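Novice: No letters, just coordinates:
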């Protein structure tokens, strides 16, 4: 069942790969002399404290422990829960002779305190909390063995809330993909570094609310590793907004030109246009197929709608535009190909979306890589751009966006849960934390395109505009979903876009 994922507050913005997390663990042990057992005890304690805060009336707890250090964190958790007077059962999975030394140590301590350990056969019918301490970030293989699959399926099917220690078992810490099967947690307590797989792909759906604990390690350790991604959100991006000058006029805020609106798809063009207008663009023009202007232009008199029969007639509009958008409702007709060919010759910044991306991908236009454009593919369009399957895109979204950026240049916005943004500056990709599953409906991508275009028109650089637009779009959807995600329409976001770009400024 989908749910709005609580937006984590107070979390670091830097994201790391699992290999980097392990390297930092070893660095802490060797450089600062903090024993691995102490780190394990701190991790288990942090998880227990998070559980107490989230569920203050826990009485019966089931902890499922694997063989590695993740299982050791679970034994610490179980020990503390037992000491607090809870009824605790530890269900052990795997061969106990293969426990890591620290995990064996904590298992023994738990038992010396009177704790009981059982082999996993089935979960109890009733328990207040299930703690997933099976696989940590070191999982490197697909979970295909029937016994392991059954354990994870049993956890997911149980009605009790679930807490995952460090990362939900079966979720890839680097990419956010599911490695065969994965635990769906309500709360994930992660340590020392934020793992980037928690925030994109299947990560947000399986992690629930994320709690971060740095385990009291020295702040200087983070200089050892270069972050491989960065969290962004509208709360952060909105700080770029400044009050407008009292003498400002529409010419100061740019002119957005949007091309598209094939018969039957005029709504896409309207949504993109209204998003640009609501996000502060000074002027918005629409260029569409012959016979479509009367249909598209009636609802919103603020949008200047033009019928364009051939590329030559597009030239006056192109000359006046600050930024050119092509794609919303474009279609893949000969008209669409001609318009795209024309647009690719102009010097202004471009945003290429939807069918315009598909035309680029099929090489039916003479598009080449350029620096001053933004491409906004969803996984299906990204797959066509790289001549692969959507599943391959989702297998590692970070690798996919890097490949697209290298091939096409400019700034790439790879849409989906945990939208990724990357450009050619050498900076790590950004991961948007705003948004929810209600956005899985028609027109949302068109709205995003118009939102980003408005920021370019108002003078922001393309990479900044992509970040601002993506986060604003997601934050508006979160506001619109307060009454539920099902049935959320793209047009429901329009009033929230305007609200969010007008924060109370000092």
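Specialist: The structure has been received and is ready for your questions. None of these values were measured; they are calculated from a predicted model.

Novice: Any idea how many residues pack against the residue nearest to residue 460 when sequence neighbours are not counted?
Specialist: Of all residues not flanking residue 460 in the chain, residue 468 sits nearest, at 6.5 Å (C-beta to C-beta, 6 or more residues apart in numbering). Glycine gets a C-beta too; all of them are placed from N, C-alpha and C. Per other C-beta atoms under 10 Å, the neighbour tally for residue 468 reads 26.

Novice: ok now do residue 468, which residues does it touch?
Specialist: 237, 240, 452, 455, 460 (C-beta atoms under 8 Å, 6 or more residues apart in numbering).

Novice: Just the residues contacting the helix or strand where residue 43 lies, thanks.
Specialist: Element membership of residue 43 [criterion: DSSP states H and E] is helix 36-54. Contacts with helix 36-54, where a contact means C-beta under 8 Å, 6+ apart, come from 25, 28-29, 58, 61, 69, 72-77, 79-81, 84, 102-103, 105-106, 129, 131, 163, 165-166, 186-187, 189, 191-192, 209, 211, 213, 215-217.

Novice: Now the lowest-mean-pLDDT helix or strand in the chain: buried residues?
Specialist: When the helices and strands of the chain are compared on mean pLDDT, DSSP states H and E, helix 293-297 comes out lowest with a mean of 88. The neighbour-count check on helix 293-297 (16 or more other C-beta atoms under 10 Å) flags 293, 295-297 as buried.

Novice: For those, give me CSV that also has distance to residue 88.
Specialist: Output for those, formatted as CSV (distance: C-beta to C-beta, whole Å):
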residue, distance to residue 88
293, 69
295, 66
296, 64
297, 67
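
Novice: of those, closest to residue 393?
Specialist: Proximity of the buried residues of helix 293-297 to residue 393 was ranked by C-beta to C-beta; the top entry is residue 296 with 32.0 Å.

Novice: pretty sure the closest one is in contact with residue 285, am I right?
Specialist: No: using C-beta atoms under 8 Å, residue 296 is not in contact with residue 285; the gap is 11.7 Å.

Novice: list residues touching both of the two?
Specialist: 303, 305.

Novice: What residue spans form the domains of this protein?
Specialist: 14-231, 256-500 (automatic domain parsing).

Novice: With residue 248 as the reference, name the closest of those.
Specialist: domain 256-500 (8.9 Å).

Novice: Next, the buried residues of stretch 206-216.
Specialist: Quick answer for stretch 206-216 (16+ other C-beta under 10 Å): 206-213, 215.

Novice: no no, stretch 19-30
Specialist: Result for stretch 19-30 [16+ other C-beta under 10 Å]: buried residues 20-21, 23-25, 28.

Novice: next one: stretch 59-70
Specialist: For stretch 59-70, by 16+ other C-beta under 10 Å, it's 61-70.

Novice: if you look at the contacts of helix 36-54, which of them are in helices?
Specialist: Per DSSP state H, helices hold the following members of these: 25, 28-29, 69, 72-77, 79-81, 102-103, 105-106.

Novice: Any chance of a ChimeraX selection covering the buried ones in the residues you listed?
Specialist: Selection of buried members from the ones in helices among the contacts of helix 36-54 for ChimeraX, criterion 16+ other C-beta under 10 Å:
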select :25,28,69,72,73,74,75,76,77,79,80,81,102,103,105,106
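
Novice: ok, and the closest non-adjacent residue to residue 413?
Specialist: Per C-beta to C-beta, 6+ apart, closest to residue 413 is residue 376, 4.4 Å.

Novice: still on that earlier bit, in three-state terms, how would the residue nearest to residue 460 be classified?
Specialist: helix (DSSP: H, G, I helix; E, B strand; the rest coil).

Novice: Next: residue 434.
Specialist: Strictly by three-state DSSP, residue 434 counts as coil.

Novice: How about it: what's its closest non-neighbour residue?
Specialist: Using C-beta to C-beta, 6+ apart, the closest residue to residue 434 is residue 474 (2.9 Å).
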